[in-house]
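K.L.:
how would this look folded up:
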Amino acid sequence: MENKIEKSTNEQLVALVTGANQGVGFQIAKELSANGYYVYLGSRNLSNGEKAAAEIGGATYAIELDVTKQATINAAVERIMKEQGRLDLLVNNAGIAHAGTTARTPEEMVAKSRPSTVSIDEVRTVWDTNVFAVIAVTQAAIPLLRKSKAGRIVNVSSGLGSLTWISDPTCWAREHFGIVYAASKTALNAVTLAFAMELEKENIKVNATSPGYTATALNNFQGTDSLEVGSREPVRVALETDGPTGGFTGPDGPLPW
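P.N.:
This is a model prediction of the structure:
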């Protein structure tokens, strides 16, 4: 059974975080709640979302949201509109590293995403979540963000999406760049910039941010940073109501496109 919903106060900012029942998304939702936000915790499985929301506590509520299904996107936005009348912050965090149902090591993901042999179906599946779903969720949320005094969109990207960095012969991550996950983040960066340029005149800030190499299910928990460290930059950007727009940053500062 869903938690009882209480409307946010006029001073309380309202956020929606997609893919927030675990990993970086969960930590972002937790930090936003700790900073006084009314948080909608998006989860494909509502039961998993409710457990996560209960663990966080405060004004954190699970909302069923499969970012690849327009019907659930529409239903989530309609619910937020009905309950809050606006949205101050959208964090597009939901993402997948591959199309498989079992965990893969980073090495296995590299091997399966080589341009010469990659499965087109795998590319479509990952890009559907990491790129097209971000466009769909953002488009649906824009009318609610327009009702905010300081609307913001934060897209959780990856340093692997930086063409400038990855094309440097001295870049340690060159071998990890493939057409599936890494290139989807490059595309996400382009989507971020496109939305930023269109929405700038409406004072809606749109930025991309990389958590760094965080230990999550995306990399079979082989990342070197904790969730607390990985969420630090996305949370900083999310909380920055008067910050810039059209930026791409990581744990160590600005990242090149």
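K.L.:
does the nearest residue to N45 once chain neighbours are set aside count as helix, strand or coil?
P.N.:
In this structure, N45 finds its nearest non-sequential neighbour in N21, 7.1 Å apart by Cβ to Cβ, 6 or more residues apart in numbering. All C-beta spots, glycine's among them, are computed from the backbone N, C-alpha and C. Classification of N21 using DSSP: H, G, I helix; E, B strand; the rest coil returns coil.
K.L.:
check contacts around N21.
P.N.:
Shown in contact with N21 (Cβ atoms under 8 Å, 6 or more residues apart in numbering): 41-45, 48-49, 51-52, 62.
K.L.:
try 7 Å this time
P.N.:
41, 43, 48-49, 52 (Cβ atoms under 7 Å, 6 or more residues apart in numbering).
K.L.:
What ranges in the stretch 51-200 of the chain fall below the confidence cut-off?
P.N.:
Residue ranges of the stretch 51-200 of the chain with pLDDT under 70: 101-104.
K.L.:
Going along the chain, name the strands of it.
P.N.:
Assigned by DSSP state E, counting those that start in this stretch, the strands in the stretch 51-200 of the chain fall at 60-64, 89-92, 152-156.
K.L.:
CSV for those, including mean neighbour count and distance to A194?
P.N.:
Shown next, in CSV, are the strands of the stretch 51-200 of the chain (neighbours: other Cβ atoms under 10 Å; distance: least, Cβ to Cβ, whole Å):
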stretch, mean neighbour count, distance to A194
strand 60-64, 23, 26
strand 89-92, 28, 14
strand 152-156, 27, 11
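K.L.:
Please identify which of these is closest to N35.
P.N.:
N35 lies closest, by Cβ to Cβ, to one member of the strands of the stretch 51-200 of the chain: strand 89-92, at 10.7 Å.
K.L.:
Break down the stretch 51-200 of the chain into its helices, ranges please.
P.N.:
For the stretch 51-200 of the chain, applying DSSP state H, counting those that start in this stretch gives helices covering 70-83, 106-112, 120-127, 133-145, 163-166, 181-199.
K.L.:
so which of those helices gets nearest T209?
P.N.:
helix 181-199 (9.4 Å).
K.L.:
May I see the buried residues of the closest one?
P.N.:
By 16 or more other Cβ atoms under 10 Å, the buried positions in helix 181-199 come out as 181-189, 191-193, 195-196, 199.
K.L.:
what do you get for stretch 77-94?
P.N.:
77, 79-80, 83-84, 86-94.
K.L.:
likewise stretch 54-70?
P.N.:
In terms of neighbour count (16+ other Cβ under 10 Å), stretch 54-70 has its buried residues at 56, 59-68.
K.L.:
Check stretch 133-151 too.
P.N.:
133-134, 136-138, 140-142, 144-145, 148, 151.
K.L.:
Can you tell me which of the residues you listed is nearest D252?
P.N.:
V134 (24.0 Å).
K.L.:
Please report how far N207 lies from F177.
P.N.:
22 Å (Cβ to Cβ, to the nearest Å).
K.L.:
Next, the contact list for the spatially most central residue of the chain, please.
P.N.:
Against the mean C-alpha coordinate of the chain, by Cα atoms, centre = their mean, the closest residue is N93 at 1.5 Å. For N93, the contacting residues are 17-20, 24-25, 28, 156, by Cβ under 7 Å, 6+ apart.
K.L.:
State the distance from E11 to I166.
P.N.:
Distance, E11 to I166, by Cβ to Cβ: 43 Å.
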